[in-house]
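*Asks:* Just to be clear, the model below is a prediction. Sequence and coordinates:
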Amino acid sequence: MKFVDTYKHLGILSESAAFENLIVTLKDTIRTHSFFVAWEKVLGNVAKVEISLNILNSLLGKDSLPKRLAEMIRSYPEVVPVLPLLIAVRDTSIRIATVGGDIEYLFFKRNCYSEDEIAKIVEFTEKCGLLKIFSDKAVKNLVDYCIGVEVGLDTNARKNRSGDAMETLSEVYIKAICQRHGYRYLRQATVAKIKAVFGRDVPTDKANRYFDFAVDTGNKIYLLEVNYYGGGGSKLKSVAGEFKSLFELVTQSPGVGFIWITDGQGWHTAKRPLLETFIATDFVMNINMLSHGFLEEILIKGL
């Protein structure tokens, strides 16, 4: 690690104290109110299929549903791609394992379906229990029901939103520093993009590598990786090792620096690998350290 003056201003005078400061100031959360559900996305997805859902609404509470659904598909084939969504599946091809072998059910959008295709679609909706839900009146309105399904599916994207939130929060500091000092920065910076905008070559370990941020101070290019780990796990050891290796690679090039911004209580379960990377690389910091001016000092002094 490199010892910057900001440590001294905080009364941190040793490597061990610097690492302890990183650990004790890890954030419990970076969630904002918009973290839980991406409502614009959810409602937008439902709006795309609302007409089909309203057509299917006419089946709710009816008898002879297999026959009615088959008739509906003949008249309104646009309802077919919507059926998997009602069981929280986005796939248009669903394979089912049976004693006699796998069966594939297709829900691709078409202008019309053959009788065999209709029979298989109806068979699937029966066997997966969807038609029973229709007949039991357990669902009153498929549009409202689908909103609930989309909310459930959207929770799978929360992990990505944590990463996005960490990048967005870090960018607040990066952007302010660049504006104060006339620096330029890129978000989601590929090697090609850095070359095109900054006119500088930077080394990389793989062709599709991109850095969360690249900052050009005029004298030096800084490559920044940003992530957040709210939960622990064995992967954190490999994460720390990956950024140690990336630091060693990119800093071989003159005028290129590497900074890792990471946060989250998950690191309490992986202190040892984090400490190893903290010592072996120039700069590892968290959001609290960003707020105390660590990054600004590094960029200004060209450390």
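*Replies:* On my side now, so go ahead.

*Asks:* elements contacting the lowest-mean-pLDDT helix or strand in the chain?
*Replies:* None of the helices or strands of the chain scores lower by mean pLDDT, DSSP states H and E than helix 158-181, at a mean of 84. Judged by 3 or more Cβ pairs under 8 Å, 6 or more residues apart in numbering; DSSP states H and E, helix 158-181 is in contact with strand 184-190, strand 210-216, strand 221-228, strand 256-263, helix 287-291, helix 294-301. For glycine as for every other residue, the C-beta is placed from the backbone atoms N, C-alpha and C.

*Asks:* what is the rounded mean pLDDT of the helix or strand containing residue 120?
*Replies:* Using DSSP states H and E, residue 120 sits within helix 115-127. Averaged over helix 115-127, pLDDT sits at 95.

*Asks:* With stretch 280-290 instead?
*Replies:* 95.

*Asks:* Equivalent analysis for stretch 261-271, please.
*Replies:* Here the average pLDDT along stretch 261-271 is 93.

*Asks:* From the chain's centroid, how far away is that stretch?
*Replies:* 18 Å (Cα atoms, centre = their mean, to the nearest Å).

*Asks:* Span of that stretch from start to end?
*Replies:* By Cα to Cα, to the nearest Å, the extent of stretch 261-271 from end to end equals 15 Å.

*Asks:* Just the buried residues of it, please?
*Replies:* Under the neighbour-count criterion of 16 or more other Cβ atoms under 10 Å, stretch 261-271 has 261-267, 270-271 buried.

*Asks:* List the neighbours of that stretch that are in contact with it.
*Replies:* Contact partners of stretch 261-271, identified using Cβ atoms under 8 Å, 6 or more residues apart in numbering, comprise 23, 26-28, 30, 166, 170, 224-233, 236-237, 240, 274, 284-287, 290, 295.

*Asks:* which of those are buried?
*Replies:* 26-27, 30, 166, 170, 224-230, 236-237, 240, 274, 284-287, 290, 295.

*Asks:* chain center to the least confident helix or strand of the chain: distance?
*Replies:* The answer for helix 158-181 is 14 Å, by Cα atoms, centre = their mean.

*Asks:* Tell me which residues of that helix come out buried.
*Replies:* Applying 16+ other Cβ under 10 Å to helix 158-181 flags 161-162, 165-167, 169-171, 173-174, 177-178 as buried.

*Asks:* which of the residues you listed lies closest to residue 138?
*Replies:* residue 161 (31.0 Å; Cβ to Cβ).

*Asks:* re the thing from before, other SSEs contacting the helix holding residue 120?
*Replies:* helix 65-75, strand 103-106.

*Asks:* For it, output the C-alpha coordinates as CSV.
*Replies:* Output in CSV follows, covering the C-alpha atoms of helix 115-127 (Å, rounded to 0.1, in the frame of the first residue of the first chain):
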residue,chain,number,x,y,z
GLU,A,115,-53.7,-28.2,-33.9
ASP,A,116,-50.9,-30.3,-32.6
GLU,A,117,-49.1,-27.2,-31.3
ILE,A,118,-52.3,-26.0,-29.7
ALA,A,119,-52.9,-29.3,-28.0
LYS,A,120,-49.4,-29.3,-26.5
ILE,A,121,-49.8,-25.7,-25.3
VAL,A,122,-53.1,-26.6,-23.6
GLU,A,123,-51.6,-29.8,-22.2
PHE,A,124,-48.8,-27.7,-20.6
THR,A,125,-51.2,-25.2,-19.0
GLU,A,126,-53.2,-28.0,-17.6
LYS,A,127,-50.3,-30.0,-16.2
